[in-house]
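K.L.:
mind folding the following:
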Amino acid sequence: MANPEHLALLNQGLAPWQEWRSRTAQTYPDLSDANLSGLRLAGIDLSGANLNGASLYSTDLSAANLAGAILSNANLMKARLVNATLIQAELINTTLSSVNLSGANLQRAILIGADLKVADLRRANLSHADLSATALYGADLREADLDAADLRRADLRRAILIAANLCMANLSLAKLEQAECSNASLYRTNLSRANLADSHFVSTYFVGADLSQATLTRADFSWAKLMRADLSDADLSGTNLRGVDFSRA
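P.N.:
Next up, the predicted model:
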């Protein structure tokens, strides 16, 4: 349950809250299970706050500081977090469907099992984030930075990953059917046993990637760079391999 004093202070408005945070930097707000849906909290300092189980449906948290905050089991459906800071935030099993996280910084955030269906993650920084078993169906990850991210068993069906950085990421056993991944960078990415059927990887960079036992049926890999890639036991039935560079694959 939320600390009544912290909740009352937040209800006074953004200015008193920000002034209190600046005076009590070592006090971490407890807003767990609080109902903050629909509030305008753009630019607010919620770093280190406990928001476990909180309701933030359609809340405006644009440019908010949520670094190190606990948001597990919270409801942020349709929330606005444009350019927000969520470095090392905990979002385990959090509802983030249809959320706007474009330009947000989620470096090393923990999003295990989170629901990010149809989320807007354009240009978001998710490097080294734990996105294992997340639902990213239909999410927009154009130009997102997923360097060394953990996406094992993630559902990326119909996701848009055009020009995304997935270098050194772990996508083993991930679902990428009908994903749009043209011009993405997947240098030394682990895609072993992943399902890439009917997806588009036109001019994508796969140098040194592990595609062993992956399903690539009917995928479009035209003009992709697959130098030194591991395709052992992969299913390439009906795959478009026009212009692919297989040097030392």
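K.L.:
centre-most residue in the chain?
P.N.:
Centroid-nearest residue in the chain: L126, 5.7 Å away (criterion: CA atoms, centre = their mean).
K.L.:
got a list of what that residue touches?
P.N.:
106-107, 109, 144-146, 149 (CB atoms under 8 Å, 6 or more residues apart in numbering). C-betas here are computed from N, CA, C, even on glycine.
K.L.:
mind putting the residues you listed in TSV, secondary structure, neighbour count and pLDDT included?
P.N.:
Formatted as TSV, the contacts of L126 follow (DSSP: H, G, I helix; E, B strand; the rest coil; neighbours: other CB atoms under 10 Å; pLDDT from 0 to 100):
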residue	secondary structure	neighbour count	pLDDT
L106	coil	29	98
Q107	coil	20	98
A109	coil	27	98
A144	coil	30	98
D145	strand	22	98
L146	coil	29	98
A149	coil	29	98
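K.L.:
got phi/psi on the spatially closest residue to A179 that is not a sequence neighbour?
P.N.:
Setting aside the residues directly before and after it, A179 is nearest to S199 in space (CB to CB, 6 or more residues apart in numbering), at 4.3 Å. Phi and psi for S199, reported as degrees, to the nearest 10, are phi -90, psi 170.
K.L.:
let me see the contact set for S199.
P.N.:
With CB under 8 Å, 6+ apart as the criterion, the residues that contact S199 are 176-181, 219-220.
K.L.:
can I get the residues you listed in a markdown table including secondary structure and neighbour count?
P.N.:
A markdown table is the format used below for the contacts of S199 (DSSP: H, G, I helix; E, B strand; the rest coil; neighbours: other CB atoms under 10 Å):
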| residue | secondary structure | neighbour count |
| --- | --- | --- |
| L176 | coil | 29 |
| E177 | coil | 20 |
| Q178 | coil | 17 |
| A179 | coil | 29 |
| E180 | strand | 20 |
| C181 | coil | 27 |
| A219 | coil | 28 |
| D220 | strand | 19 |
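K.L.:
from those residues, pick the one nearest L211.
P.N.:
A219 (10.4 Å; CB to CB).
K.L.:
what about the closest one, distance to N125?
P.N.:
Separation of A219 from N125 (CB to CB, to the nearest Å): 27 Å.
K.L.:
next one: L186
P.N.:
18 Å.
K.L.:
which of those two has more residues huddled nearby?
P.N.:
Comparing L186 with N125 by other CB atoms under 10 Å, the one with more neighbours is L186, at 30 against 23.
K.L.:
which non-adjacent residue is nearest N35?
P.N.:
Per CB to CB, 6+ apart, closest to N35 is S55, 4.7 Å.
K.L.:
can you check G238 too?
P.N.:
G238's closest residue in space is R218 (CB to CB, 6+ apart), at 4.3 Å.
K.L.:
which element, helix or strand, includes that neighbour?
P.N.:
R218 is part of no helix or strand, with elements assigned from DSSP states H and E.
K.L.:
surely P16 is within a helix?
P.N.:
Yes - judged by DSSP: H, G, I helix; E, B strand; the rest coil, P16 forms part of a helix.
K.L.:
where does the residue nearest to it when sequence neighbours are not counted sit: helix, strand or coil?
P.N.:
Spatial nearest neighbour of P16, chain neighbours left out: L9 (6.2 Å); criterion: CB to CB, 6+ apart. Classification of L9 by three-state DSSP places it in helix.
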